[in-house]
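Engineer: sharing a model that was predicted from the sequence below.
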Amino acid sequence: MTALLEVRDLKVRYRGRGGLGDWLRRRPPPWVHAVNGVDLDIEPGEIVGLVGESGCGKSSLGRALLRLTPTSGGSLRFGGQDLMGLEGEALMRFRRRAQMVFQDPLASLNPRRTVSETLSEVLRVHRLCPEPQIRVRVLELMDRVGLAASLADRSSRSLSGGQCQRVGIARALAMGADFIVADEPVSALDVSIQAQILNLLVRLQRERNLTILFISHDLGVIRYLCRRVVVMYLGCVVEEGPVEAVFARPQHPYTQSLIDAIPRMAPDARLGASALTGEPPSPQARPAGCAFHPRCPRVMPQCRTGEPPPPRTTDGRRVWCHLYAEPVAPEGPRAGDPPAYQQSTIEMASD
Amino acid sequence: MALLEVRNLSVEFATPAGRLKAVDDVSFAIGEGEVMGLVGESGSGKTVACRAMLHLLPPGRKRSVAGEAVFEGRNLMAMNDAELREVHGRKIGMIFQNPSSHLDPLMTVGGQVAEPLIYHEGLTRKDARSRAVELLRQVGIPDPARAVDAYPHQLSGGMRQRVMIASAVACRPKLLVADEPTTALDVTVQTQILRLLLELRDKTGLAIVLITHDLAVIASTCDSVAVMYAGRIMERAPKPELVARPRHPYTMGLIRSQPSRAVPGRELPSIEGQLPAPGDLPTGCRFHPRCAFAAERCRRPPVDLEAAGPEHVTACLRWREIGQAA
Amino acid sequence: MSAPGISVGDAAGATVGLRRRILGLPRLVHVGGAVVLIWLLLALFAPWVAPYDPIAQALDAAMQPPSAAHLLGTDNFGRDLLSRIIWGSRLDLQMGVFGVLFPFLIGTSVGALSGYRGGVVDMLLMRLLDITISFPFFVLIIAIVATLGAGLLSFYIALALVGWVSYARLVRAQFLVIKHADYVLAARSLGFSPARIVFSHILPNAITPAVVFSMSDAVIDILLGASLSYLGLGIQPPTAEWGLMIAEGQTFIASAWWIAFFPGLAIVSLAIGFSMLADGFAEHFGLRE
């Protein structure tokens, strides 16, 4: 099955802010490499999780995939078609298929528009439906995402976060999109509402066989929702694979520490013993060699000087790390390694 | 004897839309060296409650505050400005969610940590500065001798939060109120900051009120928990007790809707409905419109807290019938 | 899936009727709005409200202090002051409204273009703004009016040429911020054209500060127009205009103080009205954001 989305060596960069020293020496401001050569394949109907901390480039990557941010290298193919050169009508056709759901639901809607206006504008501009039927179609969309019809003429300003996010999802689906990039869609919502929106996404995915790239920093949500997970750090993918396998036996030390840092929800929970120190550096100050080496608890000499070698694919998993460069690379944790993510016994029992 | 005991705290605001009760009859107590979690979603009143008890509500809005907050035997609510200034910074410290907006951008980091020392303890500039360097080292800032002259914008989010902690604990307060201290931080940094707070508690006997919306954070750090919803306390218990045997449908719902406990492929248990608007609160139990176990009597006031176990109180009338959460 | 909380949701922030929205505005808006509305009505219904013809002279009744026959007294030509003030409101209100309208339109266009396009366009327009600002405001207005000849039209032209600057700055600043808002990115991702994005999405949200500013700008324009008439560069006698009336009355301050006083009071009251409107709306929108 050919992948719906094929990303090869994608790069996104923008000009950083130069200092006075640069100006005096007539040097242009340095480039900031938000996305630094990413390879990714997404199959139709998959929900793929993209996880990483601030500065890792996941938002930039998400936008670049939808042609909302200019790229500076690499290739991007959607449904077999090259996206890089698309213009005009062809670009418009792509937009109808690929849409985004944003992180801040209140900011993603024009505060002066009502729900009905927001949705009908999409239908009108793209001439998706004759004028007399627009209202009907709008109410249909609202019903699809669980919004009461009485909210149709309320302005976006007066809706709650969860309601706004439903409108955002309805807007993305209004054109019949089958690929959704969800950029932290539940991070700004209250916990009790998060679950509602996640359930909605799961239901819509099943009903319409949507392909979703779910960007989040919340590993718990990713483990629940996604089949595959991609871990990013400072613009690069460091690990990729099926969710269960990655969570049970993380290979990259960064993945390990992310998993360790998840607060546990159990009567006897204690803070995780994370071996990680320091903070994610800013993309403007990329360390040489492997970007993670200053914070890596298992750093080796070659990590400081050279970038990790290209990964081999084993059981659908890939990891970009010097630890696994030898042909006899271990599959899972070695003796004495910090413990991997443990599934709580309570959940196992409820199956 | 509790270090801080809040009794029947209520805060009402006068707004163009009428009188809004943001906090309704809230009581809790925290002992020395205890870490108490105050958990609730938006509109729960957790922040307003803590600020009200410390007299730190934003000026300008007309409000009326009732109740007592007895700290070391003295009622904070009855104190005048001069007495409060003795308490703030010296006996009680506070840290906030967004370190960038709570640090003065025009003052060096060292200056901000030293300021409470100069003001409250009367240290000289030189002494305060060396204490500041020591404090920065204690909170885990690398190269504190240089960092002391840095400005907030030169530091990252996690570092700024550490600076705020240093300045809040500079005068060795007995109580620290932490309002969503890690919400704006990356998850790996969050662990570090939480660990730092627990270390401070272990070394100095500092009591901490940890306000957050994240139950998992509470579960891994706190000794006791109070759950708030729409201005009222729904449940209060020691942490192991609350997580193992929640006695209120809202708490049960919160625990169950954590994605980390969910089974992939199964529908995630969620709490239906939305948080009520402050001007339009339900009668009787505030949670009943969204409660799967709501009965007719849940609509009728009053709803008091009932004992449901050792040091465990719940606001649910039907807690005995509902039994344990799955 | 059941519809989430209908009853609660409807009550919370339901579509408020126009009446309730107006009542919900700050008190400053009500007071300021009332003052401006009163003057507006007086101006509209001047022919019916004013007791006398504003330019009819009656030299035997000149310099009369306020009395039953002439509520505000008469001036040195025997003209009824009350009628002149009522008729004068037409001109001063006009100066406030139209004096603001043209700079608003020009400034908004420049600011929008500058803020949205950025780059070279922004740079050039902002240099033009810098040049315009570097001339002293009042001196420039007076110079232009003097060149074009006295009168209301010259006044509007002068303001259009000079007064657009503040609006351009306000609108540009808003554009620079809103350009990066999520809902603008969403509009792009939905394939909307730049024109639609600018006019339909960004502009309505960007002009709020400019609108609030226009009300305090109206105050300045009224004072400016009155000052120009006072200097002889604006409205010409015998037309009744408040600034002109002050100029004519200043010689009689000692003997017939009312001739200059009441027009002055009228200017102050209208200016305060607009100023309160500006403050009130600023408070209202400030709370909103």
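Structural biologist: Perfect, I can see it now.

Engineer: ok, B:E12 touching B:G18?
Structural biologist: No - counting by Cβ atoms under 8 Å, B:E12 sits too far from B:G18 to count as a contact (10.2 Å). To be clear about C-beta, it is placed using only N, CA and C from the backbone, and glycine gets the same treatment.

Engineer: any idea how far the residue in the stretch 51-200 of chain A that chain C sits nearest to is from chain B?
Structural biologist: Nearest to chain C, among the residues of the stretch 51-200 of chain A, is A:S158, at 3.4 Å (Cβ to the nearest Cβ). Distance of A:S158 to chain B, given as Cβ to the nearest Cβ, to the nearest Å: 10 Å.

Engineer: how many other residues sit next to that residue?
Structural biologist: Using other Cβ atoms under 10 Å in any protein chain shown, A:S158 has 18 other residues around it.

Engineer: ok, A:R135 next?
Structural biologist: 15.

Engineer: that one belongs to a helix?
Structural biologist: Yes - per DSSP: H, G, I helix; E, B strand; the rest coil, A:R135 lies within a helix segment.

Engineer: dump the residue contacts of it.
Structural biologist: By Cβ atoms under 8 Å, 6 or more residues apart in numbering or on different chains, A:R135 lies in contact with A:S116, A:S120.

Engineer: separation between it and A:R124?
Structural biologist: 12 Å (Cβ to Cβ, to the nearest Å).

Engineer: what of C:A46?
Structural biologist: As judged by Cβ to Cβ, C:A46 and A:R124 stand 47 Å apart.

Engineer: in the stretch 1-150 of chain A, where is pLDDT below threshold?
Structural biologist: Across the stretch 1-150 of chain A, residues meeting the criterion (pLDDT under 70) sit at A:1, A:17-23.

Engineer: please enumerate the helices of it.
Structural biologist: Counting by DSSP state H, counting those that start in this stretch, the stretch 1-150 of chain A has helices at residues A:20-24, A:58-65, A:88-97, A:115-125, A:131-144.

Engineer: check which residues of the longest one are buried.
Structural biologist: Spelled out, that is helix A:131-144. Going by neighbour count (16 or more other Cβ atoms under 10 Å in any protein chain shown), the buried part of helix A:131-144 is A:I134, A:R137, A:V138, A:L141, A:M142, A:R144.

Engineer: which residue is nearest the centroid of the chain?
Structural biologist: With no chain named, the answer covers chain A. Nearest to the mean C-alpha position of chain A, counting by Cα atoms, centre = their mean, stands A:I215 at 2.1 Å.

Engineer: please go with chain B instead
Structural biologist: Centre-most residue of chain B, counting by Cα atoms, centre = their mean: B:I211, 2.3 Å.

Engineer: in this structure that one contacts B:E180, no?
Structural biologist: Yes - between B:I211 and B:E180 there is a contact at 5.9 Å, judged by Cβ under 8 Å.

Engineer: between those two, what contacts are shared?
Structural biologist: Applying Cβ under 8 Å, 6+ apart, one finds that B:I211 and B:E180 are jointly contacted by B:T47.

Engineer: B:T212 reaches B:A184, doesn't it?
Structural biologist: No - B:T212 is beyond contact range of B:A184, at 11.8 Å (criterion: Cβ under 8 Å).

Engineer: for the two, indicate the residue with more neighbours.
Structural biologist: More crowded of B:T212 and B:A184, by other Cβ under 10 Å: B:T212, with 23 against 18.

Engineer: the more buried one: what's it in contact with?
Structural biologist: Going by Cβ under 8 Å, 6+ apart, B:T212 touches B:G37, B:L38, B:V39, B:E180, B:T182, B:T183, B:I218.

Engineer: if we can go back for a sec, so C:A46 and A:R124 - more neighbours on which side?
Structural biologist: C:A46 (18 against 13).

Engineer: tell me how far the more buried one lies from chain B.
Structural biologist: Counting by Cβ to the nearest Cβ - C:A46 and chain B are separated by 37 Å.

Engineer: residues contacting that residue?
Structural biologist: Applying Cβ under 8 Å, 6+ apart, the residues near C:A46 are C:I86, C:W87, C:S89, C:R90.

Engineer: just the pLDDT for it.
Structural biologist: C:A46 is assigned a pLDDT of 89 by the prediction.
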